[in-house]
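Student: whatever this is, show me its structure:
(one chain, ligands or ions: 2)
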Amino acid sequence: MSFPLYAPAEEHDMLRETVRALADEKIAPQAAEADETGEFPWDVYKALVAADLHAVHVPEQYGGAGADALAAVIVIEEVARACASSSLIPAVNKLGTVPLLLSASEDLKAHYLAPVARGEAMFSYALSEAEAGSDAASMKTRAVLDGDHYVLNGAKMWITNAGVSEYYTVMAVTDPSAGARGISAFVVEKSDEGVSFGPKERKLGIKASPTRQVILDDVRIPADRMIGEPGTGFKTALATLDHTRVTIAAQALGIAQGALDFAIGYVKERKQFGKPVADFQGVQFMLADMAMKLEAARQLTYHAAAKSELAMHGQPQKDLTFLSSAAKCAASDAAMEITTDAVQLLGGYGYTKDFPVERMMRDAKITQIYEGTNQIQRMVMARQLLK
Ligand code: CAA
Ligand code: FAD
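Tutor: Ligands and ions are numbered 1, 2, ... in the order given. You can find the predicted model right below:
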């Protein structure tokens, strides 16, 4: 009998060291400015591509590094420790391409995954709409067959890295009478005629990752750009989230680790009442709780990543849906608490932009909202428990 191992292998530890070194040298120094300007960090993208860390999950047969799900988690975690916005480069490249890996034809995979692996194109994922967020199946964007083409009309909202990505997995209704079973998934290119983008949303955090509408105005694409069969798009979209909620958990872990590390360094230096504030038990207990919550969430995330890896390779895991929601929920709730406590531990200085913890606290908040709010994660978990 064999059991899946989720303890990181030596290769994972080496990968973590590599990413941390790159993040310390090239990503952390630009994080505050990127947060301030809201500009997409192209230098970070180039550095990640040069190190082949921008989309490690792409299988070798499509020119990628072929790294496992735990490796992808470690990359995202370490980049997020330095800059949450930048961690959306590997995370969203994975989110955009998992629908293809799960359901697309070989031709589509070969055509679209290779440029991502080479760092020539990024891939976004477009499920949400202005009136269809948690209730994603109520989307209105339409795709109508016309000869050997589909014509897409509608607007996808909140799309991460919209405008900087070349490619988009777009979910659209092909049969309005069939509900969730009438939704199909397509690859849309930025250069397709009729594609445009809304203004950048003005956000609380992850400011250097553009969030924009993807507007589809009579976008005519070849019918073979459909991912899988007609009517399977919603299932592909949800099956994708089973894998990628783990990557949002990773982002949350990284943000939280960055805040904890900074707070530990600070409390050892900062003196009040004639001694470092780290000497006070009230401070020590806070640190212990922060690290405990983080490690618990990390173990859950790595366990979910191991399940994701097995499921990606032909071994369906009955508990993946539960575990990926649980990991995302636990890690994001932990990140919100840990970053808030980090601000607290820096006192008034923590509340200023002179230190990175206030940015980390703002960045942490989104992890409780996207890829399904944490209420939706709890709903998904409960459905799994009760079915
Ligand atoms: N895998 C495959 N299929 C699944 C599935 C899964 N995990 N979960 C459900 N399905 C199937 C169901 O079996 C059903 O198919 P049948 O009709 O053939 O049985 C179909 O999908 C519809 O399922 P439900 O009836 O459960 O669907 P629902 O309308 O009740 O919605 C939901 C389910 C969980 C609420 C879903 O809408 C959801 O997850 N909402 C949150 C939206 C979300 O997470 N958006 C993320 C956007 S991406 C993002 O935010 C980007 C970013 O982070 C950077
Ligand atoms: P709503 O669904 O309107 O929810 C409002 C409130 O009601 C929430 O608190 C919610 O939890 C609660 N609620 C709703 N239904 C229930 C229920 N049944 N039970 C209990 N509570 C409920 N989407 C993409 O497709 N691609 C992306 O790349 C992407 N990136 C994003 C980036 C950012 C910065 C943001 C803010 C969003 C992004 N999203 C993306 C969309 C994101 O997934 C949605 O915002 C999210 O799923 C919630 O949908 P909503 O905003 O419409 O909230």
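Student: packing partners of the strand or helix carrying Ala326?
Tutor: Here Ala326 sits within helix 320-345, counting by DSSP states H and E. When contacts are defined as 3 or more C-beta pairs under 8 Å, 6 or more residues apart in numbering; DSSP states H and E, helix 320-345 packs onto helix 233-269, helix 281-312, helix 347-350, helix 357-366, helix 374-386. Every residue, glycine included, has its C-beta placed from N, CA and C.
Student: can it be said to contact ligand 1?
Tutor: Yes. Helix 320-345 is in contact with ligand 1 by C-beta under 6 Å from any ligand atom, via Thr321.
Student: buried set for that helix?
Tutor: 320-343, 345 (16 or more other C-beta atoms under 10 Å).
Student: so who does the closest residue to ligand 2 within the stretch 1-150 of the chain touch?
Tutor: Going by C-beta to the nearest ligand atom, ligand 2 is nearest to Gly133 of the stretch 1-150 of the chain, at 1.8 Å. Residues near Gly133 by C-beta atoms under 8 Å, 6 or more residues apart in numbering: Met157, Trp158.
Student: any idea how far Ala180 is from it?
Tutor: Distance, Gly133 to Ala180, using C-beta to C-beta, to the nearest Å: 15 Å.
Student: equivalent analysis for Ser191, please.
Tutor: As judged by C-beta to C-beta, Ser191 and Ala180 stand 30 Å apart.
Student: the two: which is more packed in?
Tutor: Ala180 (16 against 8; other C-beta atoms under 10 Å).
Student: residues contacting Lys156?
Tutor: Counted by C-beta under 8 Å, 6+ apart, Lys156 has contacts Ala126, Leu127, Ser128, Glu129, Thr141, Tyr168, Val170, Gln213, Val214, Ile215, Leu216.
Student: just confirm the last one is within a strand.
Tutor: Yes. The assignment for Leu216 by DSSP: H, G, I helix; E, B strand; the rest coil puts it in a strand.
Student: hang on, it packs against Val195?
Tutor: Yes. Assessed by C-beta atoms under 8 Å, Leu216 is found in contact with Val195 at 6.3 Å.
Student: between those two, which has more neighbouring residues?
Tutor: The residue with more neighbours, out of Leu216 and Val195, is Leu216; 26 against 19, by other C-beta under 10 Å.
Student: pLDDT score for that one?
Tutor: If you check Leu216, the pLDDT there is 99.
Student: same deal with Phe3?
Tutor: At Phe3, the pLDDT value in this model is 54.
Student: burial count for the residue of the chain found nearest ligand 1?
Tutor: Closest contact between the chain and ligand 1, by C-beta to the nearest ligand atom, is at Gly372 (2.9 Å). Residues lying near Gly372 (other C-beta under 10 Å) number 23.
Student: so it sits right up against Leu241, yeah?
Tutor: Yes. Applying C-beta under 8 Å as the test, Gly372 and Leu241 come out as touching, 6.6 Å apart.
Student: quick check: residues of the stretch 251-387 of the chain near ligand 2?
Tutor: Ile366, Ile369, Tyr370, Glu371, Gly372, Thr373, Gln375, Ile376, Met379.
Student: return the members of those classed as buried.
Tutor: In terms of neighbour count (16+ other C-beta under 10 Å), the buried residues within these are Ile366, Ile369, Tyr370, Glu371, Gly372, Ile376.
Student: distance check, the second one against Tyr302.
Tutor: The reference is to Ile369. Note on Ile369: its distance to Tyr302, by C-beta to C-beta, is 23 Å.
Student: closest one of the buried ones among the residues of the stretch 251-387 of the chain next to ligand 2 to Val58?
Tutor: Glu371 (19.9 Å; C-beta to C-beta).
Student: pLDDT at the closest one, what is it?
Tutor: For Glu371, the pLDDT comes out at 98.
Student: can you classify it as helix, strand or coil?
Tutor: Under three-state DSSP, Glu371 falls in the coil class.
Student: model confidence for Ser332, exactly?
Tutor: Ser332 carries a pLDDT value of 99.
Student: and it, what is it in contact with?
Tutor: Taking C-beta under 8 Å, 6+ apart as the criterion, Ser332 is in contact with Ile248, Ala249, Ala252, Ala364, Thr367, Gln368, Asn374.
Student: and those residues, which is closest to ligand 2?
Tutor: When the contacts of Ser332 are compared for distance to ligand 2 (C-beta to the nearest ligand atom), Asn374 comes out closest, at 7.1 Å.
Student: next, count neighbours for that closest one.
Tutor: Counted by other C-beta under 10 Å, the residues lying close to Asn374 total 17.
Student: contacting residues for it?
Tutor: By C-beta under 8 Å, 6+ apart, the residues touching Asn374 are Lys328, Cys329, Ser332, Asp333, Gln368.
Student: could you dump the helices and strands packed on helix 320-345 to CSV with mean pLDDT?
Tutor: Converted to CSV, the helices and strands packed on helix 320-345 look like this (pLDDT from 0 to 100):
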stretch, mean pLDDT
helix 233-269, 98
helix 281-312, 97
helix 347-350, 98
helix 357-366, 99
helix 374-386, 98
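Student: in TSV, list those along with distance to ligand 1.
Tutor: Shown next, in TSV, are the helices and strands packed on helix 320-345 (distance: least, C-beta to the nearest ligand atom, whole Å):
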stretch	distance to ligand 1
helix 233-269	4
helix 281-312	10
helix 347-350	27
helix 357-366	8
helix 374-386	5
